[in-house]
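Chemist: Fold the stuff below for me.
(chains A and B)
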Amino acid sequence: MPPASNDALMPVVLPTETYASLRALARRHLAGERGNHTLQPTALAHEAFLRVSGATASKPENTAAFLIAAAQAMRSILVDHARRRSALKRGGNAQREAVEPDALPALEANVDLVALDEALHRLRELDPELAQVVELRYFGGLSDAEIGAALKCSTRSIRRAWSVARAWLARELER
Amino acid sequence: MDTGTWKKVRRIAEAASDCAPQRRARLLDRACRGDAALRRAVDELIGREPPDEDWLAAPVPGAATHALAWSGVLGAMTRIGRYRIDGVIAVGGMGVVLKATDDAAERPLTVAIKLLPPGRDSRKMLRAFRREQRVLDQLDHPNIGRILEMGTCDDGRPYFVMEYVDGVPIDDYVRTGKLPMHERLELFRAVCLAVHFAHQNLIVHRDLKPGNILVSAGGVIKLLDFGIAKLLTDQPAASATETMMDAMTPRYSSPEQIRGEPISTATDIYSLGVVLYELIAERLPYNLRGASRYEAERIISEQNPMSPSAAYRDAHPDERLPRCLALDRIVAMAMHKEPRRRYASAEQLAEDIRRYLDGSTVMAYKAGRFERALTILHKHRIAFGVAAASFVIISGLAVSSALSARSANIAREREARARQVSQKINGVMTELLALAGPTHLGATPAGLHVLEEASMLTARELADQPDVAAGIHHQIGTTYNSLRRRSEAIRSYRQAIECYRRSEPLDRAKLAESLVSLGAALSFRDDEEGLPLQREALAIRRELYGEEHLLVAQSLHALAFALTRCSRPARYDEAEGLYRQALAMRQRLGAGESDSAAENLHALAALLRHQGRLEASADQYELALALSRRVLPPLDTQLINCIEDYAHCLTDLGRLDRAEELLRESMTLNAQAMGEAATVVPLTYLVDVSCARGDRATGWRNLHLALARFGRTTVPQSSGSAAARWRALMERFEAQPSAAIPEAYGEFIALAPVAYSPSALSPALYASLLDQTAEMLAGDGHAAMAERLSREALRTVDAHDPASKMTRARYCRTLADALIGLGRTEEARALLVDVESALRATRGPTHRETQAVARRLADLSTKG
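Modeler: Predicted structure coming up:
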């Protein structure tokens, strides 16, 4: 699998106001589509991003870089969120400013995200490509074909990588 | 599980996932080939009950809600360290840039935080950052955004805190503002000057692009991310999918950068060239859209872009850009494929823009003269290294000397023969070029081998055409000479002279030329034979050209040099007279503004310095330097040498600030011309300056820096344990800024011969570093280690350059100091007596080295 091309995303300067309107836009989008499991968070974010940043179209390599970065951010948000919630459940320490800007709904994951995140860290040590595929698929919500396009390899090899990664994670989480 | 095994396991598991369940067992048997451990590992992974079909199949439920675009980072993180996050400024391949506030500061301070993706060794990076911090702290410039600190988040992601800059990228700024060309160029000049400032502090940006060059609403430039790219490239990413080069945009990368070759200030000059191109043309020089890394590398290394003015015309068909050719030349010079052919500094680039704006002739025109020759070399794909370049000349020479034969018939015959030979030479060379790779071929073993081969070939194949052979031998000698391979140069010149003497008719002009070259090479080795050769050459030239001729002036100059080196003892008064005579003649003949006149002045200044006439010497150096700056190309070795020698002289005079200023300039130029390795010499001179100031701490720091740079640049990337220890040692030198670490120097000399490949290491430089270290150690009372290093320095110089009397004398002085420190006074005295009598015989009693040794002896007697 060739290395992901992360280079092409031109840094776009987003003033804070733009940023706020970006979130508003995303919220509107979501209002009509709640519960739709096929909704792709990263794709949505990307579309929104493009609209607010004023760009009319994006080069394919820019899109790939964005999706990779977005999936990474998404994972960090979600895992952090899960970690915070479990800390709260344990009556845990509220020292950390638990600011939840948009009153995030509860996650209905059938997976322990914190444990998964830790397992992914280990997988990354062993095989960074597999970890990236999982990140893009599970946290970024991308299809195999989209992942293939982003990482410049065939859909088939992504499917194979995914099945091995899943097996590895399943074993790791069972322990 | 190690990576190798895991790769096998993964491959087999992937294959199994594709195959029908009933065929799986057979596939596994075949794939594991009886390797029980491998089979167990595969079974462990996929042999059990497969996870539920749905498990992890759909993206995290509810993730979309959380997407809320990039509230992401906000939602998850409200603080980093003591900073409160206010929003997202930018998202890029290298992570996100956040806007944040430092509440802890007296007044709330807005900062920008660059948050990197996880996966790097952040502890190592932090250490590297601490090392760099001192340098970065010096980057106090109104047009450079400051890096305030570096830290790591709870999850280990490293971040940089930077001055917050409210601005837009320069390309957007000029485009949306529809800025007229002269305003664009003025902005760009400010960028160049800021980059130059950083270069003077030895910081190369490595990632200059419009996104890092912001313009505030008031039109003020700010450069961002100085010092960051280096930290990132020096710290390999955890995975291959995230190397720095992948993260960096290739659009502004220079050919050497994209090929992964050493980076210097010239790399930034190239990126500046691309930015300038974009500011003029409003488009990028190369279309890299959709290009793979490999394709991008090929395009950047091989193609020439459309000239920016033509691109501008394309976009603005009814506008005219004034003096567009000059502007094209400037961009072309900044973006030259060959780093050494670019502007020597960002300041020069700024200067040339100013000339353009003023309407005066731009420097890039002058440089254009080299261009033609270079294009030819490029076509032959051998633009690398002195040796390779000289072959084009040699091959041409063989043919052209053949053509000069009188009879047409003979000429044709000889031409055919000469062509054959030059083809053979070219064949040998091309083959070896492929082996050596396109680096500085001349200095590599393969490069030397090429020369050796060519030398033999010439002697064998052209035995019956001594005049043709002589020319080639002479050229080979010159190539060796420029590589400082004096013995080989001397041998080749001798062959040339021998061939000329056999030629019929005798070409006396050429003979004289070879005599002068041989005489000079012998003079460098203090060989007495040099003197009669120069006398013979001078006589021939006077006969051929009369008293007043540039070649006669050259011979006078060469004879003067021989008098200081080959005569026993040296005859400085006579030499000084000849130098002055040669200089006056050059001036009378209209060559007062030439590189040879500059060399002449430099030689005179050096002579005066050696005679201890420092004030007079400084005056001559000042003249020599001014002239060199006027007539020599910006990166010429002669110019750099002049700067360093002058700095030496000023150090002796106690004008330390000026000396340091010159040495810093020489570091910039050296880095630009030959990479970081070449900054070692001026760094060691800086040690002397610091010690003369009484600031030994800074002296030690510079010395350690010199050792570390030397170690990094001379050791090949070998994987042996010696090489690893060597690298660790270099890190130690770099990290230990101010105190002597005696045991480390012992390790240094123990490892050096093992860790480096001898051909890559410059023995002279190695020895001088040892001597410098020994001198510092002796001064700090570490006499035993000083003795060890000193002896190693002497051993090295004896093995590689036995004729270098001055160097030997200097090293012996250091050794004597060490011995005195150890209480072995008699031994020291005996050593110094030997050295002094040798110096007296060769350099004479008035030479400052002789006097220095004599002084040391006198000190010893009064103490004893």
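Chemist: give the contact list for the residue lying closest to B:Gly227 once chain neighbours are set aside.
Modeler: Of all residues not flanking B:Gly227 in the chain, B:Leu136 sits nearest, at 4.8 Å (Cβ to Cβ, 6 or more residues apart in numbering or on different chains). The way it works is simple: take the backbone N, C-alpha and C, and place the C-beta from them, glycine included. Under the criterion of Cβ atoms under 8 Å, 6 or more residues apart in numbering or on different chains, the neighbours of B:Leu136 are B:Arg146, B:Ile147, B:Ile203, B:Phe226, B:Gly227.
Chemist: check contacts around the fourth one.
Modeler: Read it as B:Phe226. Counting by Cβ under 8 Å, 6+ apart, B:Phe226 touches B:Leu136, B:Leu139, B:Ile144, B:Gly145, B:Ile147, B:Ala198, B:Ile203, B:His205.
Chemist: Okay, and which of the contacts of B:Leu136 map to strands?
Modeler: Among the contacts of B:Leu136, the ones falling in strands (DSSP state E) are B:Ile147.
Chemist: so which of the contacts of B:Leu136 is the most crowded?
Modeler: Neighbour counts for the contacts of B:Leu136 peak at B:Phe226, which has 28 neighbours (criterion: other Cβ atoms under 10 Å in any protein chain shown).
Chemist: low-scoring stretches of chain A, by residue?
Modeler: Along chain A, segments meeting pLDDT under 70 span A:1-67, A:69-74, A:76-78, A:80-110, A:175.
Chemist: and if we set it to 50?
Modeler: The model of chain A has pLDDT under 50 over residues A:1-41, A:48, A:51-58, A:88-108.
Chemist: got a list of what the residue nearest to B:Glu186 when sequence neighbours are not counted touches?
Modeler: Among residues not flanking B:Glu186 along the chain, B:Leu357 sits closest, at 7.4 Å (Cβ to Cβ, 6+ apart). Taking Cβ under 8 Å, 6+ apart as the criterion, B:Leu357 is in contact with B:His182, B:Leu185, B:Glu186.
Chemist: Report how many residues lie close to the last one.
Modeler: Translated: B:Glu186. Look at B:Glu186: counted by other Cβ under 10 Å, it has 16 neighbours.
Chemist: Which of the helices or strands spans it?
Modeler: Take DSSP states H and E as the rule and B:Glu186 turns out to sit in helix B:181-200.
Chemist: next helix or strand past that helix?
Modeler: Proceeding N to C from helix B:181-200, the next assigned helix or strand is strand B:213-216, under DSSP H and E.
Chemist: helices or strands next to that following strand in the packing?
Modeler: strand B:167-169, helix B:170-176, strand B:221-223 (3 or more Cβ pairs under 8 Å, 6 or more residues apart in numbering or on different chains; DSSP states H and E).
Chemist: Could you identify which of those is most buried?
Modeler: Of the helices and strands packed on strand B:213-216, the one with the most neighbours on average (mean count of other Cβ atoms under 10 Å in any protein chain shown) is strand B:221-223, at a mean of 24.
Chemist: Do that one and chain A come into contact?
Modeler: No. Strand B:221-223 stays clear of chain A (Cβ under 8 Å from any Cβ of the partner chain), getting no nearer than 12.7 Å.
Chemist: other SSEs contacting that strand?
Modeler: For strand B:221-223, the elements it packs on are helix B:181-200, strand B:213-216, judged by 3+ Cβ pairs under 8 Å, 6+ apart.
Chemist: could I get these as CSV with mean pLDDT?
Modeler: Compiled in CSV, the helices and strands packed on strand B:221-223 are given as follows (pLDDT from 0 to 100):
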stretch, mean pLDDT
helix B:181-200, 91
strand B:213-216, 91
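Chemist: out of these, nearest to B:Thr267?
Modeler: The minimum distance between B:Thr267 and the helices and strands packed on strand B:221-223 falls on helix B:181-200, with 10.6 Å, by Cβ to Cβ.
Chemist: Put the alpha carbons of that closest one into CSV.
Modeler: Output of helix B:181-200 as CSV, limited to C-alpha atoms (Å, rounded to 0.1, in the frame of the first residue of the first chain):
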residue,chain,number,x,y,z
MET,B,181,3.9,44.1,-9.8
HIS,B,182,6.3,46.5,-8.0
GLU,B,183,4.3,46.1,-4.7
ARG,B,184,4.4,42.3,-5.0
LEU,B,185,8.1,42.5,-5.5
GLU,B,186,8.6,44.8,-2.5
LEU,B,187,6.7,42.3,-0.4
PHE,B,188,8.8,39.5,-1.7
ARG,B,189,12.0,41.4,-0.9
ALA,B,190,10.9,41.6,2.7
VAL,B,191,10.4,37.9,2.7
CYS,B,192,13.9,37.3,1.3
LEU,B,193,15.4,39.6,3.9
ALA,B,194,13.7,37.7,6.8
VAL,B,195,14.8,34.4,5.3
HIS,B,196,18.3,35.8,5.1
PHE,B,197,18.2,36.8,8.7
ALA,B,198,17.3,33.2,9.7
HIS,B,199,20.1,31.8,7.4
GLN,B,200,22.6,34.0,9.2
